[in-house]
Structure formats: C-alpha cells, structure tokens
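Colleague: build me a model:
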Amino acid sequence: MVAISFQGVRKSFRQGLGRRPVLHGLDLEVRHGEIYGFIGPNGAGKSTSIKLLLNFLNPDQGRLFIAGREVGRRRFQELIGYLPETPCFYENLTGHETVCFAGRAAGLNGAALRERGREVLASVDLATAASSRVRTYSKGMKQRLGLAVALVHDPDIYILDEPMSGLDPMGRHLVTNIIMDLKERKKTVFFSSHILNDVEVMCDRVGILHRGCLVFSGPMADLLRAGESLEDVFMRFVQNPGSA
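Modeller: Numbering: from 1, shown residues only. Have a look, this model is predicted:
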C-alpha cells in the first residue's frame, strides 16, 4: 500500500519578471511501513516538496496524496507526525504543556493525554526538563521536543525534515533508535537529511533529488555497488547524473 504519493508535481516561484522552476514533474511513492530517505544537495527542492506535501504550498501542476487522501482536498493532518527542520514553540510554555497542546490539537485529552505527554518526553530524554519553560531549552533539546510533538498522537505516517539537525552524537543516537522503533512498529517514515550515513543505516529505500528532478528512487541495495558508501553514490549522481 502507498502511504505518500507525488504525481507529476511541478512547482515554480516568481523571480523578477519571470518564474524559477523548482520541481519538474516529481513522481514519487513511499510505501506503508518503510523508511524512505529523501536526499539531495541544497536547492534541489526537498523542502519545497515537503511543504507541498503538507499543503503549506500549492503545486502548479500535479497531485499529492497521504494515505489515499488528496492533499488540499481532504483532511489528513491527524494521520501524520511532522517535524520541521527548525521547530518553533511558544517559549513560555513548559515542555509538557507544549506536547499536551499538540496532543489536544490532534484530538487527545484528559489524563490519557497528560500521561502520553510524559511518556513521549521520556522517550526523547526530556523527562527532567518537562516542567521547564521552552525558552530555557538548547537547540538540541528543542529538536527533541519537536520530535516528541510529532510522536504524541502516535500517527502511522511521519514526515521529518532534517531530524538530526542541531543534535550531538548522543541525540543522533537517540533519534536513530526512535526511528528504528517506528519501523519495528510498521510505521511509515519519510525524512530528508544531509547526514548520508544516517540515511544509509536506517532507510529501506532512498530518493535522490537533483535540480528539481528525481534522479533515483529505489531500494538502498539497488543503489550501492560493492564497497561503495551512499556518499560515494550521491556524489556521482549529483556531479554527473546522466552517467550514474
């Protein structure tokens, strides 16, 4: 079954007197229960793709679907957990209040929500900071709080934009374990990252976006040749996509 689908998606932005194309007919599918890594150099169109998927932007052409619901036509927000690259919060709320606020927005309430809030904060190693105001959190703590917000309502599909951003090695290890646990629980994870080693370790399939075009999408095993790393292959695609 397909969890996420881009069908012929095109997007451009106004630039001077004309328009600058960013995506050129993107076709991409993410299957239920898989971890899909979405990689590409800066300016490739990854963040634009994610914003289109979340209905933050409208495509010039094409259609997008989440769990069979067409983005922009049917509600899908309760089906996903989203972590932006740079999470923003109400700085005067505590960590626990922040997670509970997100949980209420997803339809949770009462004692079960409060307990779930404590549970997800513990899972991202923020239990001792749960009653501290977010303005006292470091960048890495805010990143982990953002992941807790994505996790609180236990959705089936996760869309994570640079989930390792701002994390130290311990934080990266923690987030890696959380993502692998989601895989064990048959959840779908679609994430972008510049940390190619993480993508290589965690992902079932990978898509490489370059200059608004998907130059590869498939199983990790089909991408890597004997002795190659994902970084080796990535550089080959980006430097000379026609020969990759």
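Colleague: sketch out the low-pLDDT regions of this protein for me.
Modeller: 226, 241-244 (pLDDT under 70).
Colleague: name the residue closest to the centre of this protein, please.
Modeller: Residue closest to the average C-alpha location in the chain (C-alpha atoms, centre = their mean): L160, at 1.7 Å.
Colleague: what strand or helix carries that residue?
Modeller: Element membership for L160 (DSSP states H and E) is strand 157-161.
Colleague: tell me where this protein has strands.
Modeller: Using DSSP state E, the strands found in the chain span residues 2-15, 18-31, 35-39, 61-66, 69-70, 80-83, 157-161, 188-192, 205-210, 213-219.
Colleague: could I get those as JSON lines with distance to S47?
Modeller: For glycine as for every other residue, the C-beta is placed from the backbone atoms N, C-alpha and C. Formatted as JSON lines, the strands of the chain follow (distance: least, C-beta to C-beta, whole Å):
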{"stretch": "strand 2-15", "distance to S47": "11"}
{"stretch": "strand 18-31", "distance to S47": "10"}
{"stretch": "strand 35-39", "distance to S47": "10"}
{"stretch": "strand 61-66", "distance to S47": "15"}
{"stretch": "strand 69-70", "distance to S47": "21"}
{"stretch": "strand 80-83", "distance to S47": "13"}
{"stretch": "strand 157-161", "distance to S47": "7"}
{"stretch": "strand 188-192", "distance to S47": "7"}
{"stretch": "strand 205-210", "distance to S47": "10"}
{"stretch": "strand 213-219", "distance to S47": "15"}
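Colleague: quick one: the residue nearest to the centre of the chain from V206, how far?
Modeller: 14 Å (C-beta to C-beta, to the nearest Å).
Colleague: and Y82, by the same measure?
Modeller: For Y82, the distance to V206 (C-beta to C-beta) stands at 20 Å.
Colleague: between those two, who's got more neighbours?
Modeller: V206 (24 against 18; other C-beta atoms under 10 Å).
Colleague: the more buried one contacts L196, doesn't it?
Modeller: No. V206 is beyond contact range of L196, at 9.4 Å (criterion: C-beta atoms under 8 Å).
Colleague: what's the overlap in contacts for these two?
Modeller: Residues touching both V206 and L196 (C-beta atoms under 8 Å, 6 or more residues apart in numbering) are 39, 230.
Colleague: residues touching the longest helix anywhere in the chain, excluding its own?
Modeller: Secondary structure of the chain per DSSP state H: the longest helix is helix 169-184. Here helix 169-184 makes contact (C-beta under 8 Å, 6+ apart) with 33-35, 123-125, 140, 143-144, 147, 151, 158, 160, 163-164, 167, 189, 191, 195, 198, 201-202, 204.
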